[in-house]
Every structure is written in structure tokens, then in C-alpha cells.
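# Fold the following.
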Amino acid sequence: MKNEDRLIEVMAELLAEVHEMRTDTSKQLGVLQSEIRTLQKQQAQTNIELSEMRLSIMKLADMSDRVVRLEKAVFKKAG
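Model prediction:
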């Protein structure tokens, strides 16, 4: 009978440890999911900012091209 009681006691302890591990794992998973959501929001914001920068660079390149053509026309007439 003592062996059976000890076996039940050990199994109960193991079950308690498994439960604690599952609880800890669930908490860690919740934290990770929260961090992933934060990173996704940051990535979306970064993508928006990159798109805006790309458009600005394209506008600047267009303006630069216009300035070069204007300079060529002005210097051609002056020369």
C-alpha cells in the first residue's frame, strides 16, 4: 500500500509540475504574440514611410532632370 501511495504522490507532483509548465508556456506565448503584433505594426509603419520616401525621391529626380534640361537650354542660348 505504501508503494501505491508513493506512486500516487509522485504522479500528483508530476501533474502539478506539468500544469505549472503549461501555465508558464501560455504566458510566454501571450507575450510573444503581443510582441509580434507590435512588430507587425512597426513594419507596416516602416513600409508606409519607405513608400513616401520613394515618391519623394522620384519627384526629386524628376525635378533634377528638369533643371538639367533647363540649364542645357539656357547655356546653349548663352553660348
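# ok, and for stretch 36-47, which residues are buried?
When burial is assessed from 16 or more other Cβ atoms under 10 Å, stretch 36-47 yields no buried residues. The way it works is simple: take the backbone N, C-alpha and C, and place the C-beta from them, glycine included.
# Tell me how far S34 lies from K41.
Distance of S34 to K41, given as Cβ to Cβ, to the nearest Å: 11 Å.
# And for T25?
Distance from T25 to K41, by Cβ to Cβ: 25 Å.
# so where's the chain shaky on pLDDT?
79 (pLDDT under 70).
# Show me the helices in it, by range?
2-78 (DSSP state H).
# Give me the most central residue, it.
Note on the chain: the residue nearest the mean C-alpha position is L39, at 2.9 Å, using Cα atoms, centre = their mean.
# quick one: that residue from M21, how far?
Taken as Cβ to Cβ, the span from L39 to M21 is 26 Å.
# go on, V31?
16 Å.
# And L60, by the same measure?
57 Å.
# Over to R66?
67 Å.
# again with D65
For D65, the distance to M21 - Cβ to Cβ - is 64 Å.
# Repeat that for K41.
Applying Cβ to Cβ to K41 and M21 gives a distance of 31 Å.
# Same question for N47.
From N47 to M21 the distance is 38 Å (Cβ to Cβ).
# what does K77 give?
For K77 relative to M21 (Cβ to Cβ), the value is 83 Å.
# In terms of packing, which of the two has more residues around it?
M21 (10 against 7; other Cβ atoms under 10 Å).
# if I look at the more buried one, how far off is M1?
From M21 to M1 the distance is 30 Å (Cβ to Cβ).
# who's in contact with E71?
Counting by Cβ atoms under 8 Å, 6 or more residues apart in numbering, E71 touches no other residue.
# Could you check how far it is from K59?
19 Å.
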